[in-house]
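[1] Below are the sequence and a predicted model for it; my questions follow.
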Amino acid sequence: MYQKLLKSIARHTLPVSIRSKLKAQLQGTEYCLPVGAVNFGNLRRLKPISEAWGFDRGLPIDRYYIENFLGSHCDDIKGRVLEIGDSFYTNKFGGDRVTKNDVFHAVEGNPEATFVGDLTSADHIPSDTFDCLILTETLQLIYEVRLALKTIYRILKPGGVVLVTVPGITQLSDQEWKNSWYWNYTTLSAQRLFQEVFPAANIQVKTYGNVLTATAFLQGLASQELRKEELDYRDSNYEVTITVRAVKPQVTS
């Protein structure tokens with residue numbers, strides 16, 4: 001049977017698409033659709049399906065990854081915790097392990113905020129204060145990101161943990177955020193930036209995403225529109241969300 005298939009392919013007695021697929025299977029390689037055979041369907045469009053990252057359709061794909069990351073490190077969310085913007089993730093993943101939750105906000109007017117200001121010059125926040133910092137989708141909005149990382153390191157207690165997520169592949173549709181969106185990240189850039197402040201051995205950088213979820217996220221589809229195995233498959237060539245877990249060293253006597 002194998003030899004007959006090879007002869008059929010060689011004699012070009014089968015249609016081109018079938019020949020290509022069979023040849024790939026016989027050679028143990030992945031079949032690639034020939035030029036002109038791709039069916040774009042609903043994706044042949046110049047505007048995305050949603051310009052709200054998928055919030056209007058369900059849970060955005062990057063939020064699925066963020067919650068996956070925080071859930072896998074929920075044991076770090078304990079003691080006194082500082083979160084940016086609100087305490088949603090502190091409450092969701094910290095539970096009764098949290099003894100005090102604080103919220104940092106850039107401008108006045110947030111009733112949840114216990115600290116207001118700029119992370120690049122937050123001298124009013126005492127040093128060695130927090131057991132955990134939750135910093136989701138924030139560093140891309142800070143131009144002087146190195147100064148912000150120095151503040152984060154300073155205000156963590158020795159042994160404290162910062163849990164960070166930053167965007168990789170994404171749309172930039174929201175005008176409010178677009179006007180202050182300075183950076184997108186990769187594994188390499190995140191690793192090198194944090195190594196300027198934290199010891200390399202205390203940093204874990206991981207990414208989430210693949211070509212399907214990157215495409216879906218750019219189109220503004222929600223995580224509910226993909227299967228779990230599609231969302232959870234990781235391909236380092238398509239970094240949708242980059243995550244960092246960094247630990248401030250314990251004081252040694």
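    Structure received. Numbering: from 1, shown residues only.
[2] got the residue ranges for the helices in the stretch 1-150 of the chain?
    For the stretch 1-150 of the chain, the helices defined by DSSP state H, counting those that start in this stretch cover 2-11, 16-27, 61-72, 88-94, 145-155.
[3] right, and the helix or strand after the last one?
    Proceeding C-terminally, helix 145-155 gives way to strand 156-167 as the next helix or strand, assigned by DSSP states H and E.
[4] what lines up beside that following strand in the sheet?
    Under the criterion DSSP bridges, strand 156-167 sits next to strand 130-136 (parallel), strand 241-247 (antiparallel) in its sheet.
[5] And it, what's buried?
    Neighbour counts over strand 156-167 (16 or more other CB atoms under 10 Å) mark 156-157, 160-167 as buried. C-betas here are computed from N, CA, C, even on glycine.
[6] Check stretch 88-105 too.
    In stretch 88-105, counting by 16+ other CB under 10 Å, buried: 89-90, 93-94, 97-98, 101-105.
[7] Let's have those residues in a markdown table, adding pLDDT and distance to residue 171.
    Output for those, formatted as a markdown table (pLDDT from 0 to 100; distance: CB to CB, whole Å):
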| residue | pLDDT | distance to residue 171 |
| --- | --- | --- |
| 89 | 98 | 22 |
| 90 | 98 | 27 |
| 93 | 98 | 26 |
| 94 | 97 | 30 |
| 97 | 97 | 35 |
| 98 | 98 | 33 |
| 101 | 95 | 31 |
| 102 | 96 | 31 |
| 103 | 96 | 27 |
| 104 | 95 | 26 |
| 105 | 91 | 25 |
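[8] Is the residue nearest to residue 141 when sequence neighbours are not counted in a helix, a strand, or coil?
    Leaving aside its chain neighbours, residue 141 sits nearest to residue 180 (5.0 Å; criterion: CB to CB, 6 or more residues apart in numbering). With DSSP: H, G, I helix; E, B strand; the rest coil as the basis, residue 180 sits in coil.
[9] Could you measure from residue 180 over to residue 142?
    Here residue 180 is placed at a distance of 9 Å from residue 142 (CB to CB, to the nearest Å).
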